[in-house]
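1. Below are the sequence and a predicted model; questions follow.
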Amino acid sequence: MLRKLLPLYENSILFPTQPVLPSDQLYIFFDKSQTEWVGIPKSVVSEKELKLLKTLYEIVEYQSSTISSVSKIWYEFLFLNGPPPLYNTDAYFRIIQFYINGDGLDHSEIEAALKGFFTDDVIIIWENGNRGIVIEESKQISLSDKELISMAQTVESDFFIKISFYIGKVYPLSNQLPNNFQQEKEYFIFGKTNLLNTNIFAFERIFPAYLAYHLPKGLAHKVYQALSEVFMEDPEIFSTIKVFLENNLNASMTAKKLYIHRNTLQYRIDKFVERTGIQLKDFYGAFTVFLPVYFLSRKRKITICPKVSSITLCNMSILIVSLSM
């Protein structure tokens, strides 16, 4: 029912989770039956309409927030189409998104832990109970990808939680920044849902899989067919090539992850190259193999087996899917 209010009130917003830091300019209503929240600008709600809405829905009251005025301006800029914060015209920013699995989180303790890793002050904003962002000005950027991985491991061990990060690109402060942030937010959600072997995400890590996911069905089927028979006939090759690609074609890391000797790894790679004719030493070969590996990893159920296959081969294909999950 709350969704029906969206076209009635201009600039109203639907929230899938309760907003932690709503604008002072919004009324927040909660629909228990749908577990959804809607924010409606106070300026478009008459006194009579407010009474009616309070009768139909639960209004969420917020105590006066102690959050800094700068953080509030950033929140309204990124989430509520507000005016941009005041900085120099040549200011650039990076937004690091994070998501924490768990309930009853102490935001102040987690904020303190996160800020301890940065050399300068950063702005941390909570979108809801589990999701938030870290805003860095470009001149403050101090953490590399490896250091962010170390930060995630430390936070997880200290608080017994699971945390994921999306490392955003550096953008100039402009009216386009909220759109850039929303696009990166979409990539982050996609990565958390589809790429389960990591908790540190970035555009270059997600986009190949994102592109493959959005291929037309006909083309996706052709890509899948290209190597599916080879992989179904030899689950060991599939699991080896999958880990090899996930580790950026790094033989040492791959052998370590698979608990095998480097010579064994090279034997399996050579076997794959011999059977397919596809080299894995350059971008073109790696990307060509990545696509069918991605599709086979996502395929939960093999419904069509090759004509020459047997019950054993079909069972083997199911084994491949289980290995890829």
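-> Good, I have the coordinates. These figures come from a predicted structure and were not determined experimentally.
2. Shouldn't residue 133 be within a strand?
-> Yes: per DSSP: H, G, I helix; E, B strand; the rest coil, residue 133 lies within a strand segment.
3. Now do the contacts for it.
-> Counting by CB atoms under 8 Å, 6 or more residues apart in numbering, residue 133 touches 78, 95, 96, 97, 98, 124, 125, 127, 181. Where C-beta positions appear, they are placed from N, C-alpha and C, glycine not excepted.
4. Quick one: which of those residues has the lowest pLDDT value?
-> Ranked by pLDDT, the contacts of residue 133 bottom out at residue 127 (83).
5. Near that residue, how many other residues are there?
-> 20 (other CB atoms under 10 Å).
6. quick thing: my sequence starts at 86, can you match it?
-> With 86 as the first residue, the last one maps to residue 212.
7. The contacts of residue 218 in strands, which ones?
-> With DSSP state E as the criterion, strands contain 180, 181, 182, 183, 209, 210 from among the contacts of residue 218.
8. picking up where we left off before, would you reformat the contacts of residue 218 as CSV and include distance to residue 275?
-> Supplementary listing: the contacts of residue 218 in CSV, determined by distance: CB to CB, whole Å:
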residue, distance to residue 275
163, 19
180, 17
181, 17
182, 12
183, 16
209, 23
210, 22
212, 17
266, 15
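9. pLDDT weak spots in the protein?
-> Within the chain, the ranges that satisfy pLDDT under 70 run 148-153, 225-227, 385-410.
10. Regarding the residue positioned nearest the centre of it, what is its secondary structure?
-> In the chain, the C-alpha nearest the mean C-alpha coordinate belongs to residue 273, at 1.9 Å (CA atoms, centre = their mean). What three-state DSSP gives for residue 273 is helix.
11. Now do the contacts for the nearest residue to residue 176 once chain neighbours are set aside.
-> Distance criterion CB to CB, 6 or more residues apart in numbering; nearest residue to residue 176, sequence neighbours excluded, is residue 258 at 4.6 Å. Residue 258 makes contacts with 169, 170, 172, 174, 176, 177, 178, as judged by CB under 8 Å, 6+ apart.
12. What separation do you get for the first one and residue 177?
-> Distance of residue 169 to residue 177, given as CB to CB, to the nearest Å: 13 Å.
13. which secondary structure elements does the helix or strand hosting residue 123 contact?
-> Assigned by DSSP states H and E, residue 123 falls within strand 121-126. With contacts defined as 3 or more CB pairs under 8 Å, 6 or more residues apart in numbering; DSSP states H and E, strand 121-126 has these neighbours: strand 98-100, strand 111-116.
14. mind checking which of these is nearest residue 196?
-> Among those, the nearest to residue 196 by CB to CB is strand 98-100 (21.4 Å).
15. Direction included, what does that closest one pair against?
-> Sheet pairing for strand 98-100, assigned by DSSP bridges, gives strand 121-126 (antiparallel).
16. burial measure for residue 353, as a count.
-> 20.
17. what's in contact with the host helix or strand of it?
-> Assigned by DSSP H and E, residue 353 belongs to helix 347-361. Identification of contacts with helix 347-361 by CB under 8 Å, 6+ apart yields 312, 315, 319, 321-322, 325-326, 329, 336-337, 339-340, 343, 363-365, 374.
18. tell me which strands and helices the following helix or strand past it is in contact with?
-> Using DSSP H and E, the helix or strand that follows helix 347-361 in sequence is helix 368-383. Here helix 368-383 touches helix 288-298, helix 302-318, helix 320-331, helix 396-409, going by 3+ CB pairs under 8 Å, 6+ apart.
19. Count residues in the vicinity of residue 217, would you?
-> Quick note: residue 217 (other CB under 10 Å) scores 22 neighbours.
20. Look up which residues are beta-bridged to residue 247.
-> Bridge pairing for residue 247 - DSSP bridges - gives residue 186.
21. surely it meets residue 185?
-> Yes: if you go by CB atoms under 8 Å, residue 247 and residue 185 touch, sitting 7.1 Å apart.
22. Neighbour count: those two, which is higher?
-> Each of residue 247 and residue 185 has its neighbours counted (other CB under 10 Å); residue 185 has more, 19 against 13.
23. who's in contact with the more buried one?
-> 195, 215, 216, 246, 247, 248, 249.
24. give the contact list for the fifth one.
-> By CB under 8 Å, 6+ apart, the contact list for residue 247 reads 185, 186, 187, 241, 284.
25. Ok, the last one next?
-> Residue 249 sits next to 183, 184, 185, 237, 273, 277, 284, 285, 286 when contact means CB under 8 Å, 6+ apart.
26. 7 Å instead, please
-> Counting by CB atoms under 7 Å, 6 or more residues apart in numbering, residue 249 makes contact with 183, 184, 277, 284, 286.
27. between those residues, which is nearest residue 102?
-> Set against residue 102, the nearest of these by CB to CB is residue 184 (11.4 Å).
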